[in-house]
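**Student:** missing the sequence, but the structure's below:
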């Protein structure tokens, strides 16, 4: 009886160890959660807290589903808006370079 109990405990410990190792690699950096472009990384660092990680909205309006393109048919207008801010949107012209702002704008237009 005691030997059977020990065998069950050994199997459970082995299963727990395998699950632990799998979980270590399941959330590995560079996996599917990693930003895939410089614009995506900048969006994640600067915009996601208000617009949501997928652009679905939150404190800020939804950007995904073509909404940002509808609001700004002219890409340059969106770049100006992100650079100078307005109506609750902070200005990013002092914290991001023009190239970085363009990368973020390009990324948001594909959400």
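**Tutor:** Right, received. Where do you want to start? This is a predicted model, so every value here is computed, not measured. Numbers count the residues shown, from 1 in each chain.
**Student:** give me the distance between residue 60 and residue 88.
**Tutor:** 8 Å (Cβ to Cβ, to the nearest Å). From N, CA and C alone the C-beta is placed, and that goes for glycine too.
**Student:** pick out whichever of those two has more residues nearby.
**Tutor:** More neighbours surround residue 60 than the other of residue 60 and residue 88, with 16 against 9 (other Cβ atoms under 10 Å).
**Student:** distance of the more buried one from residue 77?
**Tutor:** 17 Å.
**Student:** swap in residue 87?
**Tutor:** From residue 87 to residue 77 the distance is 14 Å (Cβ to Cβ).
**Student:** now do the SS call for residue 96.
**Tutor:** Reduced to three states with DSSP: H, G, I helix; E, B strand; the rest coil, the structure at residue 96 is coil.
**Student:** could you measure from residue 20 over to residue 8?
**Tutor:** Distance of residue 20 to residue 8, computed by Cβ to Cβ: 19 Å.
**Student:** chain center to stretch 70-84, what's the gap?
**Tutor:** 21 Å (Cα atoms, centre = their mean, to the nearest Å).
**Student:** residues in contact with that stretch?
**Tutor:** 68, 89, 91-93, 98, 101-102, 104-106, 108-109 (Cβ atoms under 8 Å, 6 or more residues apart in numbering).
**Student:** what residues of that stretch count as buried?
**Tutor:** Neighbour-count burial for stretch 70-84 flags 72, 78, 79, 80, 81, 82, 83 (criterion: 16 or more other Cβ atoms under 10 Å).
**Student:** helices - which of those residues land there?
**Tutor:** Among these, DSSP state H puts 78, 79, 80, 81, 82, 83 in helices.
**Student:** make JSON lines from those residues and add pLDDT and distance to residue 43 to it.
**Tutor:** Converted to JSON lines, those look like this (pLDDT from 0 to 100; distance: Cβ to Cβ, whole Å):
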{"residue": "78", "pLDDT": "97", "distance to residue 43": "13"}
{"residue": "79", "pLDDT": "97", "distance to residue 43": "14"}
{"residue": "80", "pLDDT": "97", "distance to residue 43": "18"}
{"residue": "81", "pLDDT": "97", "distance to residue 43": "15"}
{"residue": "82", "pLDDT": "97", "distance to residue 43": "11"}
{"residue": "83", "pLDDT": "97", "distance to residue 43": "15"}
